[in-house]
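> I would like to see how this sequence folds:
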Amino acid sequence: MTTLLLEGLHFPECPRWHDGRLWFSDMHGHQVMAVDPRGRAEAVARLPTQPAGLGWTPDGRLLAVSMVDRRLLRLDGARWEEVADLAALASFRCNELLVDGRGRAYVGTFGFDLDGGAPYAPGEVILVEPGGAARVVAAGLRFPNGMVLSPGGGTLIVAESMGPALQAFDVAPDGSLGNARLWAPLTDVVPDGTCLDAEGAVWVASPVGSEVVRVTAGGGITQRVAVSNRAFACMLGGADRRTMFVLTADNSNPTYCRAHASGRIETFAVDVPGAGLP
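This next block holds a predicted model:
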């Protein structure tokens, strides 16, 4: 059973635990928000071009993916500043973001116009250096979505929503990705947002089945937790990183979400704390 923390959101996505609060993008509400463990929420910044993945530079400045115009932005004071324009590298809209300990940003892309009904095409992961230089470091991914980085920074695991699968890569010293391999095949789980725990298992939010699932290497499932609505993202946080935050909504269509506010954040306790990034 889950506990309701916050409701009345348009489409909450891309949660991050940072500085004692859960930060997230209310994607189709066009704003970045933060909520504390007591449910007190704050609208941090607006972004008309739809905020998605979030992260922070080593000096504490907020980074956000701007989905529609395919840019990585940095919040300086009250203004968004461009870090990198990714339009020439991204096959379609940008989505998830993972920022490593050096400030390098991994940005995933849709690959095709999902909401518009376009034919399937693979996406990629783009690496953006702190100075703004960008390059594709993984291509041919089947709708790359949530990403996690191991505590030592040596392994990046990417959810392929249309695999469905979790793919692993070795991370080179320069941030490049290599040695691509299947980390976990999935069958009845569609992986969207993900987070990592201290035993190396990946928690997966699955909108199909309205649940979050704990997956181990090879595809073993050790736990399933049902939520009240379709689960699109999850994050381990709280003071001891033993609180699971699940971001849910009854639909992901932008037009529908802008007209409704079915988005919720639900929580439950776990035994194994979160680890790694984000």
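
> Can you tell me how far D192 is from N95?
Using CB to CB, to the nearest Å, we find D192 at a distance of 10 Å from N95. (Glycine included, C-beta is placed from N, CA and C.)

> Overlap in contacts, these two.
Common contact partners of D192 and N95 (CB atoms under 8 Å, 6 or more residues apart in numbering): N145.

> Angles on the backbone of P207, please.
phi -60, psi -30 (degrees, to the nearest 10).

> residues contacting it?
If you count contacts by CB under 8 Å, 6+ apart, then P207 has V190, D192, R230, A231, F232, S252 around it.

> burial of the second one, as a residue count?
It refers to D192. Summarising burial for D192: neighbours were counted as other CB atoms under 10 Å, giving 26.

> Give the helix, strand or coil label for it.
Secondary structure for D192, judged by DSSP: H, G, I helix; E, B strand; the rest coil, is coil.

> Stretch 183-193: which residues count as buried?
W183, A184, L186, V189, V190, P191, D192, G193 (16 or more other CB atoms under 10 Å).

> Setting the sequence-adjacent residues aside, check what's closest to the last one.
Using CB to CB, 6 or more residues apart in numbering and skipping residues adjacent in sequence, the residue nearest G193 is A233, 3.0 Å away.

> And the third one, by the same measure?
Excluding its sequence neighbours, the residue lying closest to L186 (CB to CB, 6+ apart) is P164, at 4.3 Å.

> which residues in the stretch 101-250 of the chain form strands?
105-109, 123-128, 134-141, 144-149, 155-160, 165-171, 177-185, 194-196, 202-206, 211-215, 221-226, 230-237, 243-249 (DSSP state E, counting those that start in this stretch).

> give me the low-pLDDT residue ranges for the stretch 51-200 of the chain?
Across the stretch 51-200 of the chain, nothing is flagged by pLDDT under 70.

> For my notes, please list the strands of the stretch 101-250 of the chain in a markdown table and give distance to L22 for each entry.
As requested, the strands of the stretch 101-250 of the chain are exported to a markdown table (distance: least, CB to CB, whole Å):
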| stretch | distance to L22 |
| --- | --- |
| strand 105-109 | 20 |
| strand 123-128 | 24 |
| strand 134-141 | 27 |
| strand 144-149 | 15 |
| strand 155-160 | 20 |
| strand 165-171 | 23 |
| strand 177-185 | 26 |
| strand 194-196 | 12 |
| strand 202-206 | 14 |
| strand 211-215 | 15 |
| strand 221-226 | 17 |
| strand 230-237 | 6 |
| strand 243-249 | 5 |
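
> For A275, find the nearest of those.
Closest approach to A275 among those (CB to CB): strand 194-196, 5.5 Å.

> Quickly name whichever of the contacts of P207 is closest to D100.
Proximity of the contacts of P207 to D100, judged by CB to CB, is greatest for D192, which lies at 21.4 Å.

> which ones are touching that closest one?
N145, G146, A159, S161, V204, A205, S206, P207, A231, F232, A233.

> Kindly recompute the last result at 7 Å.
Residues near D192 by CB atoms under 7 Å, 6 or more residues apart in numbering: N145, G146, A159, S161, A205, S206, P207, F232, A233.

> Of those - the most surrounded one?
A159 (33 neighbours).

> Please name the nearest non-neighbouring residue to R258.
With CB to CB, 6+ apart as the criterion, R258 has its nearest non-adjacent residue at 5.2 Å, and that residue is H28.

> Let me see the contact set for that neighbour.
Residues in contact with H28 (CB under 7 Å, 6+ apart) are H10, F11, P254, C257, R258.

> what's the spacing between the residue nearest to L186 and T187?
When distance is defined by CB to CB, P164 is 8 Å away from T187.

> try H30
From H30 across to T187, the span is 35 Å (CB to CB).

> what's the answer for F245, then?
Separation of F245 from T187 (CB to CB): 26 Å.

> With T155 instead?
With distances taken as CB to CB, T155 is found 23 Å from T187.

> and if you look at E211?
Distance, E211 to T187, by CB to CB: 14 Å.
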